[in-house]
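J.: missing the sequence, but the structure's below:
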């Protein structure tokens, strides 16, 4: 192994040692690490040289000569460190210089309860066909949630599971299911090309890493209509926003038809946010120097929409403003609004009042709900 490759391995080890979720490398700058959501430079480490950046980029892309990155100026991929931990990386250019961002991935599949989601979501894995959407901003754990659901399918269903990813982040070895994972750029030129081809490959379950454009959304809906269970992600802050985002991609004249199609195939939307636990229950951690410092862990706030008949009717008729009322009345079926999730986290002391105010559409409702929860808990005790 070259000196440059060993240097990168040492930085990956440093990332693991300090519990960082992300690492950023750039020419003539020290490595930056994101720990518990806070990005800071590690001035104790030497600055990275331009030659090192070039070497790392060529090693990661396999490009011995010519352009290091794609025509669009970036390159996505994944690597496994010598310690066996997997990282997602993105190589990109800033003023013609190479930069590198790496994100640590879990080295095992965690159960839904450990992620902060109800185990009842595993029922979605039993659906014979339909569309399941995981929504949230970048870095909210969408890929991790999908990996957990797919691992459950892999352990419980005799089926053919095809994933289309950019890049392949979690590696699924075939168990009860036959799993084939395809990577954009290596195995297929686009999500839509791979999705169209997958329907000729006898799949039962299809994962589309992200639906970004009209063609891919249309194909995903068609795949769900024709007897496949399709999982995908959308960048949206809440469940209704995810639905509206998919519909709004289409020309105005097609949107009513797409709403009706979506109403028929949608099974669930899960919208999630990863939050720093800054509430009263956070505990001090030793910083290695004998001193205690407050570093909140991450907690998941999640909104869950199950597409029952009432919700499907609202989607089909474009009455998205009434969906939250349907979610409130559908809690027995596993639905949950973001306000309910935030109230639970606030009541446990996981998050602060400031976090509630920043994320909730209706903060007053969150605090009122948390107060009712506390009263019921006291009475039952």
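T.: Okay, I see it. Because the structure is predicted, anything quoted here is derived from the model rather than measured. Numbering: from 1, shown residues only.
J.: From what I see, residue 243 and residue 320 are in contact.
T.: Yes. Using CB atoms under 8 Å, residue 243 is in contact with residue 320, at 6.5 Å. For every residue, glycine as well, the C-beta is placed using N, CA and C.
J.: For the residue lying closest to residue 202 once chain neighbours are set aside, list the residues it contacts.
T.: In space, residue 202 comes closest to residue 160 once its chain neighbours are excluded; the distance is 5.7 Å by CB to CB, 6 or more residues apart in numbering. With contact taken as CB atoms under 8 Å, 6 or more residues apart in numbering, residue 160 is in contact with 177-178, 180, 201-205.
J.: again, only using 6 Å
T.: The contact partners of residue 160, taken as CB atoms under 6 Å, 6 or more residues apart in numbering, are 178, 202-204.
J.: which secondary element of this protein has the worst mean pLDDT?
T.: Every helix and strand in the chain was compared by mean pLDDT, DSSP states H and E; the lowest is strand 292-294, with a mean of 39.
J.: Pull up the gap between the residue nearest to the spatial centre of the chain and residue 265, please.
T.: The centroid of the chain falls nearest to residue 142 when counting by CA atoms, centre = their mean (1.6 Å). To residue 265, residue 142 is 20 Å away according to CB to CB, to the nearest Å.
J.: Local confidence estimate at the closest residue to residue 226 other than its chain neighbours?
T.: For residue 226, ignoring the flanking residues on the chain, the nearest one in space by CB to CB, 6+ apart is residue 199 at 7.0 Å. Note on residue 199: pLDDT of 93.
J.: Tell me the gap between the lengthiest helix in the chain and the middle of its chain.
T.: For the chain, the longest helix by residue count, based on DSSP state H, is helix 363-380. Per CA atoms, centre = their mean, to the nearest Å, the displacement of helix 363-380 from the mean C-alpha position of its chain is 30 Å.
J.: Now do the buried residues in that helix.
T.: Buried positions in helix 363-380, judged by neighbour count with 16 or more other CB atoms under 10 Å: 363, 366-367, 369-370, 373.
J.: go on, stretch 78-94?
T.: Neighbour count says stretch 78-94 has 78, 81, 85-89, 91-93 buried, by 16+ other CB under 10 Å.
J.: now do stretch 331-351
T.: 334-347, 350-351.
J.: Start and end of it, how far apart?
T.: For stretch 331-351, the first-to-last residue distance is 23 Å (CA to CA, to the nearest Å).
J.: Give the rounded mean pLDDT of that stretch.
T.: Averaging pLDDT along stretch 331-351 gives 95.
J.: which outside residues touch that stretch?
T.: 120, 275, 277, 279-281, 299, 301-304, 306, 327, 356, 360, 362, 365-366, 369-370, 373-374.
J.: Give me the buried subset of those residues.
T.: Judged by 16+ other CB under 10 Å, buried ones among those: 275, 277, 279, 299, 301-304, 306, 327, 356, 360, 366, 369-370, 373.
J.: Those in helices, which ones?
T.: 327, 356, 366, 369-370, 373.
J.: Would you map the helices across this structure?
T.: Under DSSP H, the chain gives helices at 3-17, 50-61, 112-115, 142-156, 191-198, 214-225, 239-248, 252-265, 309-316, 323-329, 338-347, 353-359, 363-380.
J.: For the stretch 51-200 of the chain, which segments count as strands?
T.: Remark: strands assigned in the stretch 51-200 of the chain by DSSP state E, counting those that start in this stretch are 74-80, 86-94, 97-104, 130-135, 160-165, 178-183.
J.: And the ones you listed: which comes nearest residue 51?
T.: Nearest of the strands of the stretch 51-200 of the chain to residue 51, taken as CB to CB: strand 97-104 at 10.6 Å.
J.: how near is the residue nearest to residue 226 to residue 134?
T.: Going from residue 199 to residue 134 by CB to CB gives 21 Å.
J.: higher neighbour count, the two?
T.: The neighbour comparison of residue 199 against residue 134 (other CB atoms under 10 Å) goes to residue 134, with 25 against 16.
J.: Tell me what that one is bridged to.
T.: Counting by DSSP bridges, residue 134 is bridged to residue 233, residue 270.
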